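**Student:** output the structure for:
(chains A and B)
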Amino acid sequence: MHIKVETLTKTLKDCVVLKDINLDFYSGKIYGIVGNNGSGKTMLLRSIAGLIRPTEGTVSVDGKVLHKDISFPPEMGIIIEKPELLEQLSGLENLKILADIKKSISQEQIIEFMKMFSLDPYSKKPLKKYSLGMKQKIGIIQAIMENQKLLILDEPFNALDESTVVMLRNLFLDYKKEDKLIIITSHHADDISILCDEIVSLQEGIMK
Amino acid sequence: MTKAIIKNGRFKYGITLCSLIVTFLMLIKIEGVDALDAVRVLFGGYPLRRMILILAFVMSIALLQYLNLDSIMCFLRKNTCFLIRYKKRKTLIYKLLKYIFLINIVFIGLIVIAFGISAVVCGLDIFGIDVFQALELGFRGYIMCICCSLIQVISMIKTDEANTFMTMIAISVLGVFLSRIKIGIFTIFPSKMIINEMYINLLICSLYIIAEIYFCIMMFQKKES
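**Tutor:** Purely as a prediction, here's the structure:
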């Protein structure tokens, strides 16, 4: 998979949030996007994921232009902010709802993922009673559970305990060997330096 | 997914049912409103001249938006995990509309159950109620609920929860005024009408719904996540 970002500019009500961004992302690599709060990291991820339309420029996936040839990149897993799921249902029930849309994985596989993240799949506890870290784990599981080829992860390590962070880093390195393309943002320099092959630095919407 | 959406709202159904029973008991026992007219009050099809009737109607609209809220939040806000799986915005909004139609059926079902319980408590003769009139009221009440729910969806696409809540309050207040004046066949509220007028009214309400669905789809497709 090859994602090409060409002269990407995004303005929101006269405010330029991304300006003239040119990037290439290739499978088998982990890319890190760093920058201060409000530097445009999440907006860049949204643009790559096809969630927002660029004001100028294009994002193309294997030559197919987003919003023109395709709506979203194929086989994409994403976590951008906390996903809004059905709060009265358990973690497993919510993941099953999402898995049922594409029907690409079984309940047993979801249970395996939950165990891997130290979540009790058989717990009847509704999602609204989950801690921040547990909700983050559910968010990460939904992003990776369907063996997606492209992972776009905004602050995936937020609110996670140390053992899960280590496990997740190793998982991402395994995914890299499986020729997946991973794009992450993080405030922690460790995550970026350990994981990423290439680092993109943003400052007030401009690449540095 | 349908089962999960219904299951997700189970606590809200309990609260809604209790509120409706209390409202019916209040309307029938204390206010002395006729059985079917009590249902008509909740749908805004009865002249809402007294404060207690106005409150009952405003509450029923509030309960309706309360039941719809979870699904709307799930499909319209922070919806990236659904959006990338359905692959098209159009598919996602169709799914939401399907669940809104379904939740509205549940709401009508809760009104029927609450009405039945209240009638038994008040010692009313349920079997003496005109079946045709009851079915007509239920169906037109459903149409009214759909119209209001779609306004809620449109408002949530364009604005946020707080603004949507105020919009729905404004709709309820408008409904109170409209219940007092005769706008005939153009109303969405199930006021008493002769049969021919009722059919034309149903046709007009269907056009309102089609227009609202069209706006929902158009606005959602333009919206960015």
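**Student:** quick one: stretch A:59-73 near chain B?
**Tutor:** Yes: on the criterion C-beta under 8 Å from any C-beta of the partner chain, stretch A:59-73 is in touch with chain B at A:71-72. Any C-beta I mention is one placed from the backbone N, CA and C, and that applies to glycine too.
**Student:** is the helix or strand harbouring residue B:205 positioned near chain A?
**Tutor:** Using DSSP states H and E, residue B:205 falls within helix B:195-222. No: using C-beta under 8 Å from any C-beta, helix B:195-222 never reaches chain A; the gap is at least 9.3 Å.
**Student:** give me the contacts around whichever helix in chain A runs longest.
**Tutor:** Taking DSSP state H as the criterion, chain A has its longest helix at helix A:162-177. Helix A:162-177 is contacted by residues A:28-30, A:116-118, A:133, A:137, A:140, A:144, A:151, A:156-157, A:160, A:182, A:184, A:191, A:194-195, A:197 when judged by C-beta atoms under 8 Å, 6 or more residues apart in numbering or on different chains.
**Student:** of these, grab the buried ones for ChimeraX.
**Tutor:** Per 16 or more other C-beta atoms under 10 Å in any protein chain shown, the buried members of the contacts of helix A:162-177 correspond to this ChimeraX selection:
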select /A:30,117,133,137,140,144,151,156,157,160,182,184,191,195
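**Student:** in strands, which of the contacts of helix A:162-177 fall?
**Tutor:** Those of those mapping onto strands are A:30, A:151, A:182, A:184, per DSSP state E.
**Student:** can you lay out those residues as CSV showing distance to residue A:122?
**Tutor:** CSV is the format used below for the ones in strands among the contacts of helix A:162-177 (distance: C-beta to C-beta, whole Å):
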residue, distance to residue A:122
A:30, 33
A:151, 27
A:182, 30
A:184, 31
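**Student:** ok, residue A:127 touching residue A:142?
**Tutor:** No: with contact defined as C-beta atoms under 8 Å, residue A:127 does not reach residue A:142; the gap is 11.8 Å.
**Student:** mutual contacts of these two, please.
**Tutor:** residue A:94.
**Student:** settle it for me: which of those two has more neighbours?
**Tutor:** Using other C-beta atoms under 10 Å in any protein chain shown, the more surrounded residue of residue A:127 and residue A:142 is residue A:142, with 25 against 18.
**Student:** quick one: contacts for that one?
**Tutor:** A:77, A:79, A:83, A:94-95, A:98, B:81.
**Student:** backbone phi and psi for the nearest residue to residue A:59 once chain neighbours are set aside, please?
**Tutor:** Spatial nearest neighbour of residue A:59, chain neighbours left out: residue A:66 (4.7 Å); criterion: C-beta to C-beta, 6 or more residues apart in numbering or on different chains. For residue A:66, the backbone dihedrals (degrees, to the nearest 10) come out as phi -70, psi 140.
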